[in-house]
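Undergrad: after the sequence you'll find the predicted model.
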Amino acid sequence: MASFSLSTIYIVLLLSLVSLSPALSSKCNTQKFSHKRVYDNCVDLPKLRANLHWTYINSSVSIAFIAPPASPDGWISWAINPTGKGMEGSQALIAFKDPKLSSMIVQTFNISSDSIQPSKIAFNVSNMSAEKSGKHMKIFATVFLPANMTTINQVWQVGSAVDSNGIPQPHAMSPANLNSVGELNLLGDDSISPAPQPSESSPAPAPIGKKNGGVSMMKMKIGNGFLIVMLIVSSIFLIVI
């Protein structure tokens, strides 16, 4: 009986640990960058399989945004919207492979209309660069914000094509694309307010921004999982005894 109970416990523990494996796979805290770049915070964004890393210092935010484009020749974008919670008005950084040079570039775009053209944006930006690694593209930049602007409306997006003049073509209109917006607390703590309820015409922002967000989410999943394991093991002991 003791041998049977011990074997049962091992099997239950093994199955429980396997069920927890998604919490350990490909989260933002495992991502590494070239040139030894490191950031204070990271979060796994809820849409488009994207990740954001950032460090906020003295009204500037250095970011690394990672996402798989909708096709190998597509584009990725990360933006701040200082006037609203959707795409229109977004001050965007868009990365893609330059069709003429065949190298990765990142440009600024003021998304003020359906006509998308490279343009100056409302914020000063430095250290812009872009990379492609496997199926993912990466944007690096430092954005200079107004003093005391510690919560931002962020918008992220991916698209499938860039024309011969280097203009990103429209993205898909799937629910994931339409809801890739959220509120980010640059200080990385828990002082974020709940997002307002969405109207029919606007997608719901997702409150984001806990310190090392991806790490916190993973710990929460693992903690809950081990609690379940312990409850199962305790139940087995009671049955066997």
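TA: Done, it's in.
Undergrad: and the strands in this structure?
TA: In order along the chain, the chain carries the following strands (DSSP state E): 41-44, 51-57, 60-67, 75-80, 90-97, 104-111, 124-133, 136-144, 151-159, 181-185, 206-208.
Undergrad: residue ranges with poor pLDDT in this protein?
TA: Across the chain, the stretches falling below the confidence threshold (pLDDT under 70) are 1-26, 113-115, 189-241.
Undergrad: let's see 90
TA: Counting by pLDDT under 90, the low-confidence segments of the chain come to 1-27, 29, 36, 85-87, 99-102, 112-117, 188-241.
Undergrad: hang on, the earlier thing: now the strands of the chain as JSON lines including mean neighbour count?
TA: Every C-beta, even on glycine, is put in place using the N, C-alpha and C of the backbone. Output for these, formatted as JSON lines (neighbours: other C-beta atoms under 10 Å):
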{"stretch": "strand 41-44", "mean neighbour count": "24"}
{"stretch": "strand 51-57", "mean neighbour count": "21"}
{"stretch": "strand 60-67", "mean neighbour count": "22"}
{"stretch": "strand 75-80", "mean neighbour count": "26"}
{"stretch": "strand 90-97", "mean neighbour count": "24"}
{"stretch": "strand 104-111", "mean neighbour count": "19"}
{"stretch": "strand 124-133", "mean neighbour count": "14"}
{"stretch": "strand 136-144", "mean neighbour count": "21"}
{"stretch": "strand 151-159", "mean neighbour count": "23"}
{"stretch": "strand 181-185", "mean neighbour count": "24"}
{"stretch": "strand 206-208", "mean neighbour count": "17"}
